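Trainee: sequence and predicted structure below; questions after.
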Amino acid sequence: FFKFSLVMRAFYQKYLSASIIQHLLNTVFFPYFVIILMSKRLSLELWGELLFIQGLSSLFLIFLNMGIEFHGTRAIASNKEDHKLVGGYNFVKIINSIIILSLGLLLIIFGVISSNLFYLSLLLSISISLNPSWVFLAKKNIQPMLYIDIFYKILFISFIYYFIRDDDLGAYYIYFLSSNNFLIVISGLIYLKYKYSFQPLNLTNYLITVKDLSSLFLYQISGIAPLMLPVIFLGFMSDFRSVAIF
């Protein structure tokens, strides 16, 4: 029992604590700092538009990932060929991106959504979707990704603090945020490639993989999607100032 306690304590200190720090960074400290800063410097109209784009990208993200992080963590833990599995999951995300892009083009043609809002939302969702943090967690080696996250988040926060003062550069906020996300993705993939011989992309059977992911995907739709719907409905049916105030 004593040895078991030491093992659990070591696991908690090495892996769980690091994942908690990363979670707090990404869901509390970083978002709230940005919200406070941008809401003071940007007009209500632009800030509401940016919130609408982020809400729409969160909805896209569910369709891009389809619960891959949860399914993939379990699969990697039980499969030694994890480098092929991860590349296969990235392949599924790319196909999902193409499908969403195709459907979005139809919405743009029929005037349901503006091309600028759709493209920015999809760009942001892709930059978030490809983040390999879940792979580090499955490999029980979250610290490198934590350091990568902190480094680029500090760069991003410093950039927007010193340079985004009004709507002139604020209009490009989604481009800046997506670029920062892609830097995190690239750095994480490079580490995985050299540390674990990770393949960033591997062709797989799309339909079979989607079938395996279907239950997790439906669960996420039912549980997470309603949280984004008020912002999205306000953006479509009202105006962006209402989104910002909401």
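Mentor: Yep, that arrived. Numbering: from 1, shown residues only.
Trainee: point to the residue nearest the middle of the chain.
Mentor: With distances taken as Cα atoms, centre = their mean, the chain has Ile128 as the residue nearest its mean C-alpha position (2.6 Å).
Trainee: report the buried residues of the host helix or strand of that residue.
Mentor: For Ile128, the element it lies in under DSSP states H and E is helix 115-129. Burial within helix 115-129, assessed by neighbour count using 16 or more other Cβ atoms under 10 Å, is assigned to 117-129. (Glycine included, C-beta is placed from N, CA and C.)
Trainee: then stretch 142-161?
Mentor: With burial defined by 16+ other Cβ under 10 Å, the residues of stretch 142-161 counted as buried are Ile142, Pro144, Met145, Leu146, Ile148, Asp149, Tyr152, Lys153, Phe156, Ile157, Ile160.
Trainee: can you show me the strands along this structure?
Mentor: For the chain, applying DSSP state E gives no strands.
Trainee: please, where are all the helices along it?
Mentor: 2-11, 17-24, 30-41, 44-65, 68-77, 82-109, 115-129, 133-138, 143-163, 167-170, 173-196, 206-237, 240-245 (DSSP state H).
Trainee: reformat those helices as JSON lines; add mean pLDDT.
Mentor: Shown next, in JSON lines, are the helices of the chain (pLDDT from 0 to 100):
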{"stretch": "helix 2-11", "mean pLDDT": "46"}
{"stretch": "helix 17-24", "mean pLDDT": "64"}
{"stretch": "helix 30-41", "mean pLDDT": "86"}
{"stretch": "helix 44-65", "mean pLDDT": "88"}
{"stretch": "helix 68-77", "mean pLDDT": "77"}
{"stretch": "helix 82-109", "mean pLDDT": "89"}
{"stretch": "helix 115-129", "mean pLDDT": "94"}
{"stretch": "helix 133-138", "mean pLDDT": "84"}
{"stretch": "helix 143-163", "mean pLDDT": "90"}
{"stretch": "helix 167-170", "mean pLDDT": "93"}
{"stretch": "helix 173-196", "mean pLDDT": "93"}
{"stretch": "helix 206-237", "mean pLDDT": "70"}
{"stretch": "helix 240-245", "mean pLDDT": "63"}
